[in-house]
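Asker: Pasting the sequence and the predicted coordinates here, then a few questions.
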Amino acid sequence: MTDSPKPTPVDLSNEQVYWDLGESQSYGEYLALDQILSAQRPLSFEHDEMLFIIIHQTSELWMKLCLHELTAALEHIRRDDLGPSFKMLARVSRIQAQLMQSWDVLATMTPADYSAFRNHLGRASGFQSYQYRMLEFMLGNKNADMIAVHKRDPRIYATLERALHSPSIYDESLRLLSRRGFEIPREYLDRDWSQPYEPSKQVAAAWLAVYHSRDAHWDLYELAEKLLDLDHKFQHWRFSHMKTVERIIGYKRGTGGTSGVAYLKKALDLRAFPELWTIRTSM
């Protein structure tokens, strides 16, 4: 009697489930293509609504992979095992490049194309993407008010609350700096993680010391550069999103009730790892 094949893991909202398809599994079964390709259900007969749905669905899949990689990278940083985290962080930066290209595809839709089906969306909006909110929380952009929209789904709300009250990847990086002997203020090592991060001159001095002695602290230097690249790509992603929305709907209000482009412009000033930017001037 032969052993049965090992089941294939499928990530479902941070929970691992397994599909045991046996030896007869096909490509379509392995990828669950029946479910994926039947998930596009336009609410109108307008040609461009299919584009709108697929762009946003694929973006959510890419964000799911970003969360998968960032979660693992954070754990490696927490364990002071930086090598594997570099590949994971670099992968997220490459995924962000894919997400930026998706805005280029969506920009082929004209204002008239979008207006033809926009009313069918009701109050549905990308602002309600809980995976995007998870990404922001993992990067350190904490805002408790942003999860109120998810209260009607207790499971998602609880997941976001856990992320809100957990250290971000930057918080864990500062804890690592402290363990390595760099002077990080005590209040940055154990604080209310649900509060937005406030820049610190002492944190900036610690990172600057890493850069000035990068040969002695090469892995910390590499971590800093990987984090900066991540933040840089995230800003590009936000900018591409804002310009695409501006091109398609101008300054109309968003379907979810936000101010649309004005809201997205404010987000351009956000920096997840501020000291890694400010120390550039001091080098």
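Answerer: Cool, the structure landed. Numbering: from 1, shown residues only.
Asker: Am I right that C66 is in contact with R94?
Answerer: No - C66 is beyond contact range of R94, at 10.2 Å (criterion: CB atoms under 8 Å). Every residue, glycine included, has its C-beta placed from N, CA and C.
Asker: Who has more neighbours out of these two?
Answerer: C66 (25 against 10; other CB atoms under 10 Å).
Asker: tell me the mean pLDDT for the host helix or strand of the more buried one?
Answerer: Element membership of C66 [criterion: DSSP states H and E] is helix 49-78. Averaged across helix 49-78, pLDDT comes to 97.
Asker: Now the following helix or strand past that helix: buried residues?
Answerer: Where DSSP H and E defines the elements, the next helix or strand beyond helix 49-78 is helix 82-106. Buried residues in helix 82-106, counted by 16 or more other CB atoms under 10 Å: 82, 85-86, 88-89, 91-93, 95-96, 99-100, 102-103, 106.
Asker: out of those, who's nearest L220?
Answerer: L82 (7.7 Å; CB to CB).
Asker: E29: neighbour count?
Answerer: 14.
Asker: Which stretches in the protein count as strands?
Answerer: Using DSSP state E, the strands of the chain run over 8-12, 15-19.
Asker: need the least confident one among the ones you listed, by mean pLDDT.
Answerer: Note on these: strand 8-12 shows the lowest mean pLDDT, a mean of 44.
Asker: can you pull the pLDDT of the residue nearest to L223 when sequence neighbours are not counted?
Answerer: Excluding the flanking residues, the one nearest L223 by CB to CB, 6 or more residues apart in numbering is L82, at 5.7 Å. As predicted, L82 sits at a pLDDT of 98.
Asker: so L82 touches E75, yeah?
Answerer: No - applying CB under 8 Å as the test, L82 and E75 come out as separate, 11.6 Å apart.
Asker: Sketch out the low-pLDDT regions of this protein for me.
Answerer: In the predicted model, the chain carries pLDDT under 70 at residues 1-23, 253-260, 263.
Asker: mind checking how far the helix holding C66 is from the chain centre?
Answerer: 6 Å (CA atoms, centre = their mean, to the nearest Å).
Asker: Direction-wise, compare it with helix 82-106 and give the angle.
Answerer: Between helix 49-78 and helix 82-106, the angle comes out at 170 degrees (axes from the mean of the first three to the mean of the last three CA atoms, to 10 degrees).
Asker: Quick one: list the elements packing against helix 49-78.
Answerer: Packed against helix 49-78, as judged by 3 or more CB pairs under 8 Å, 6 or more residues apart in numbering; DSSP states H and E, are the following elements: helix 82-106, helix 111-118, helix 130-139, helix 169-179.
Asker: And the third one, what does it pack against?
Answerer: Helices and strands in packing contact with helix 130-139 are listed as helix 49-78, helix 154-164, helix 169-179, helix 218-249; criterion 3+ CB pairs under 8 Å, 6+ apart.
Asker: Domains in this structure, by residue range?
Answerer: The record's domain parsing of the chain by automatic domain parsing lists 1-39, 52-282.
Asker: and the last one, how far apart are its ends?
Answerer: Between the opening and closing residues of domain 52-282 lies a distance of 45 Å (CA to CA, to the nearest Å).
Asker: now that domain: how far from the chain's centre is it?
Answerer: The answer for domain 52-282 is 5 Å, by CA atoms, centre = their mean.
Asker: between L82 and E75, what contacts are shared?
Answerer: Among the neighbours of L82, none is also in contact with E75 (CB atoms under 8 Å, 6 or more residues apart in numbering).
Asker: Would you mind giving both backbone torsions of the nearest residue to P196 once chain neighbours are set aside?
Answerer: Using CB to CB, 6+ apart and skipping the chain neighbours, the partner closest in space to P196 is K142 (5.2 Å). For K142, the backbone dihedrals (degrees, to the nearest 10) come out as phi -90, psi 130.
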